[in-house]
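Student: coordinates for the following, if possible.
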Amino acid sequence: MNRSMQKNILVTGASGFIGSFLIEAALKRNYQSVAGMRLSSSKKYLTNPSIQFLEMDFSSDATLDQAIQTFVSQFGKIDYVIHNAGITRAKKNDDYNLVNFENTRLLVTALKRNQQVPIKFVLISSLAAYGPAQNNQSVAVGHEKNPLTAYGRSKLKAEMFLFSLTDFPFIIINPTTVYGPKDKDVFFLIESIHKGIEMYIGHRKQRLSFVHVEDLCNAIFLAMESSASQCQYLISDLQVYTTAEFNLQVKNILQKKTISLVFPLWLVRSMAVIVETMGKISGKVPILNQERLKEFEAKDWSVNSHEIVQLGYQPKYDLQKGLKHTIQWYKDQQWLK
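Tutor: You can find the predicted model right below:
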């Protein structure tokens with residue numbers, strides 16, 4: 001395609017799990033794809049020579065202005081932005097607010113200040129901004145939002161900021177649990193089963209929804225390229241599972257027999273305190289911490305993805321097919337040995 005005919009897209013947080021897949025998806029769709037990331041971020045999963053890179057520094061208005069002006073001078077007008085940068089784990093709760101909300105506000109303000117309002121600005125939020133489902137009614141667009149965690153509240157705050165704007169074309173994407181190649185969070189659960197241990201926190205029948213990262217990317221571009229604006233979409237594979245069903249799928253694929261361990265909540269809470277304390281000493285944020293435990297305790301994280309289906313979304317992967325694809329990648333990369 002002629003470079004002058006290409007649309008430009010900026011993907012922030014491009015070095016991460018979802019971000020690297022978004023860049024790949026943009027390239028497949030013939031976008032001039034610019035990976036916005038910190039100077040220190042890894043380019044391990046960004047090896048395609050067609051990828052352009054832009055240093056993104058959210059520390060001040062001046063540094064963001066410089067980044068936007070550099071983009072324009074090198075690539076032309078910013079046509080689309082997918083704001084994927086954010087954090088899911090933090091040493092202090094205030095960090096969630098700084099990175100997930102404040103940086104969103106700063107970026108949007110900088111785009112407007114530099115006359116670079118895009119055709120569409122996509123915020124990658126989270127199901128955590130809604131909080132869990134109530135009364136066996138899957139979370140749906142329009143439900144009251146009651147996030148359980150500081151992470152969820154920071155994402156909701158960013159959403160509320162966008163909805164406060166009347167002259168800015170945005171959509172908000174709320175994925176459920178995302179998995180696929182390169183993901184480390186779901187890998188933790190799969191690795192445990194691979195080692196013969198099947199873990200439950202409190203109960204076996206937590207209701208869950210999942211989405212493979214490739215399906216998530218397809219849904220994001222479907223919504224971004226539509227005429228929709230100032231609205232949001234919950235994304236899943238359109239199915240509802242239980243924790244036990246997830247574990248069974250993994251066991252069958254790995255052909256593993258496991259010891260099933262159901263940890264009582266009081267024990268897991270104590271463990272979370274200990275692990276979190278150890279994490280503070282080592283400088284690392286553990287997967288299991290007191291904030292994250294609130295999400296593990298909730299009984300229902302299922303979602304209704306009606307709105308994105310109305311745009312023509314049809315997932316490629318159900319959980320079985322998606323896990324087979326993901327586990328094969330883990331094996332090929334020697335994550336599972």
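Student: just give the nearest non-adjacent residue to K145, would you?
Tutor: Y130 (5.0 Å; CB to CB, 6 or more residues apart in numbering). Every C-beta, even on glycine, is put in place using the N, C-alpha and C of the backbone.
Student: same check, this time on L336
Tutor: Y330 (4.5 Å).
Student: what number of residues lie near the one you found?
Tutor: Y330 sits with 20 neighbouring residues when counted by other CB atoms under 10 Å.
Student: picking up where we left off before, how near is the residue nearest to K145 to L238?
Tutor: 17 Å (CB to CB, to the nearest Å).
Student: comparing these two, which residue is more hemmed in?
Tutor: Set Y130 next to L238 and count neighbours by other CB under 10 Å: Y130 wins out with 27 against 18.
Student: K337 versus that one, what's the distance?
Tutor: Y130 is 38 Å from K337, by CB to CB.
Student: quick one, helices of the stretch 151-300 of the chain?
Tutor: Using DSSP state H, counting those that start in this stretch, the helices assigned to the stretch 151-300 of the chain run over residues 185-194, 213-224, 243-254, 265-282, 290-297.
Student: per-residue confidence averaged over the fourth one?
Tutor: With pLDDT averaged residue by residue, helix 265-282 scores 68.
Student: likewise for the second one?
Tutor: For helix 213-224, mean pLDDT is 97.
Student: tell me the gap between it and the middle of its chain.
Tutor: Chain-centre distance of helix 213-224: 12 Å, with CA atoms, centre = their mean, to the nearest Å.
Student: tell me what it is packed against?
Tutor: Helices and strands touching helix 213-224, by 3 or more CB pairs under 8 Å, 6 or more residues apart in numbering; DSSP states H and E, are helix 17-28, strand 80-83, strand 120-124, strand 170-175, strand 177-179, strand 231-235, helix 306-310.
Student: can you tell me what sits against it?
Tutor: With contact meaning CB atoms under 8 Å, 6 or more residues apart in numbering, helix 213-224 is reached by 17-18, 21-22, 24-26, 29, 80, 82, 120, 122, 124, 171, 173, 175, 178-183, 211, 233, 235, 237, 308, 311-313, 315-317, 322.
Student: only C-alpha atoms, please: export that helix in PDB.
Tutor: This file holds the C-alpha atoms of helix 213-224, laid out as PDB (Å, rounded to 0.1, in the frame of the first residue of the first chain):
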ATOM      1  CA  VAL A 213      -5.800 -12.200  22.900                       C
ATOM      2  CA  GLU A 214      -6.200 -12.500  19.100                       C
ATOM      3  CA  ASP A 215     -10.000 -12.300  19.500                       C
ATOM      4  CA  LEU A 216      -9.600  -9.300  21.700                       C
ATOM      5  CA  CYS A 217      -7.500  -7.500  19.100                       C
ATOM      6  CA  ASN A 218     -10.100  -8.300  16.400                       C
ATOM      7  CA  ALA A 219     -12.800  -6.900  18.600                       C
ATOM      8  CA  ILE A 220     -10.800  -3.800  19.300                       C
ATOM      9  CA  PHE A 221     -10.200  -3.000  15.600                       C
ATOM     10  CA  LEU A 222     -13.800  -3.900  14.800                       C
ATOM     11  CA  ALA A 223     -15.100  -1.300  17.300                       C
ATOM     12  CA  MET A 224     -12.400   1.300  16.400                       C
END
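Student: would you check how far apart L22 and H83 are?
Tutor: 11 Å.
Student: coming back round to it: in PyMOL, select just the buried ones from the contacts of helix 213-224.
Tutor: Selection command for PyMOL covering only the buried members of the contacts of helix 213-224, criterion 16 or more other CB atoms under 10 Å:
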select buried, resi 17+18+21+22+24+25+26+80+82+120+122+124+171+173+175+178+179+180+181+182+183+211+233+235+237+308+313+315+317+322
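Student: secondary structure class of V117, three-state.
Tutor: coil (DSSP: H, G, I helix; E, B strand; the rest coil).
Student: quickly find the element holding the residue nearest to it when sequence neighbours are not counted.
Tutor: Nearest non-adjacent residue to V117, counting by CB to CB, 6+ apart: L111, 5.8 Å away. Secondary structure assigned from DSSP states H and E places L111 in helix 103-113.
Student: chain center to that helix, what's the gap?
Tutor: 20 Å.
Student: list the helices and strands it packs on?
Tutor: Against helix 103-113 (3+ CB pairs under 8 Å, 6+ apart) you get helix 61-75, strand 80-83, strand 120-124, helix 150-163.
Student: and the contacts of it?
Tutor: Residues from elsewhere that reach helix 103-113 (CB under 8 Å, 6+ apart): 12, 58, 61, 64-65, 68, 78, 81, 83, 85-86, 117-118, 121, 123, 158, 161-162, 165, 168.
Student: can you select the buried ones from those in ChimeraX?
Tutor: Here is the ChimeraX selection string for the buried members of the contacts of helix 103-113, based on 16+ other CB under 10 Å:
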select :12,58,64,68,78,81,83,85,86,117,118,121,123,158,161,162,168
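Student: show me the shaky parts of the protein.
Tutor: 1-4, 202-204, 264-269, 272-273, 275-277, 279-283, 285-290, 293 (pLDDT under 70).
Student: P175 versus F21, what's the distance?
Tutor: Taking CB to CB, one finds F21 at 12 Å from P175.
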